[in-house]
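**Student:** Okay, sequence plus prediction incoming.
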Amino acid sequence: MVRLNEIRPNEIAVAPPAATDAGLVYIGRIATPWNDRLACPRQGRADGPLCRIEVFEPWVAALDGLSAYARIEVLYWLDASRRDLVHQCPASDGVARGTFSLRSPVRPNPIGTSIAHLVGIDGPIVTVRGLDCLDGTPLLDLKPDRSLFTPVAPPQPGDFE
């Protein structure tokens, strides 16, 4: 069962170093049906509920061309997540796994990512299915699903290695 902030047997928390500013800017807010971490899905579903992503100015113009893609990658800041666990026991069975081997929201930098099905774009509002975050989650970025994207820029030497 999903928990809030307790440490389960065999989990290890560390004191994280002081934060330094990476210069991240929230470019929008995500509206979902979930207000409670215990009710929020662990992974988004293609047939999940409609979710609204509001993109803030001056970033609305950056949505131009995104409607050409059936799926988009949504990156967001999991602002309700703890950031100090290096070992986690997601099954509460005492078997610890390294944080980087899991898709848990508990991470040093709690960046969430979902491949969402694009339903539509209306001005600053992007409607999708397939998210797994709380209502009001800050938006970091939107990108075409890389499996659908062909670079527009001319190739460079590293593209062929």
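**Tutor:** Received, thanks.
**Student:** does residue 116 really touch residue 127, like I thought?
**Tutor:** No - contact criterion C-beta atoms under 8 Å: residue 116 and residue 127 do not qualify, at 9.5 Å. All C-beta atoms are positioned from the backbone trio N, CA, C, and that covers glycine.
**Student:** what sits in contact with each of these two?
**Tutor:** Shared contacts of residue 116 and residue 127, defined by C-beta atoms under 8 Å, 6 or more residues apart in numbering, are found at residue 51.
**Student:** and those two? which has more neighbours close in?
**Tutor:** Ranked by neighbour count (other C-beta atoms under 10 Å), residue 116 and residue 127 place residue 116 first, with 24 against 16.
**Student:** what bridges to the more buried one?
**Tutor:** residue 72 (DSSP bridges).
**Student:** now the one 5 residues further on
**Tutor:** Listed beta-bridge partners, residue 121: residue 126 (assigned using DSSP bridges).
**Student:** That one contacts residue 63, correct?
**Tutor:** Yes - with contact defined as C-beta under 8 Å, residue 121 reaches residue 63; the gap is 5.7 Å.
**Student:** Please state the mean pLDDT value computed over stretch 31-47.
**Tutor:** Averaging pLDDT along stretch 31-47 gives 91.
**Student:** ok, now stretch 144-156?
**Tutor:** The average pLDDT within stretch 144-156 is 86.
**Student:** Report the buried residues of stretch 124-139.
**Tutor:** 126-134, 137-139 (16 or more other C-beta atoms under 10 Å).
**Student:** Tally up the residues packed near residue 59, please.
**Tutor:** Applying other C-beta under 10 Å, we find 16 residues neighbouring residue 59.
**Student:** Now do it against residue 158, distance only.
**Tutor:** 29 Å (C-beta to C-beta, to the nearest Å).
**Student:** still on that earlier bit, secondary structure, distance to residue 24 and pLDDT for the buried residues of stretch 124-139 - can I get that in TSV?
**Tutor:** As requested, the buried residues of stretch 124-139 are exported to TSV (DSSP: H, G, I helix; E, B strand; the rest coil; distance: C-beta to C-beta, whole Å; pLDDT from 0 to 100):
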residue	secondary structure	distance to residue 24	pLDDT
126	strand	19	98
127	strand	24	98
128	strand	21	98
129	strand	26	97
130	coil	23	95
131	coil	19	97
132	coil	20	95
133	coil	16	96
134	coil	18	96
137	strand	14	98
138	strand	9	98
139	strand	11	98
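**Student:** Thank you kindly, that will do.
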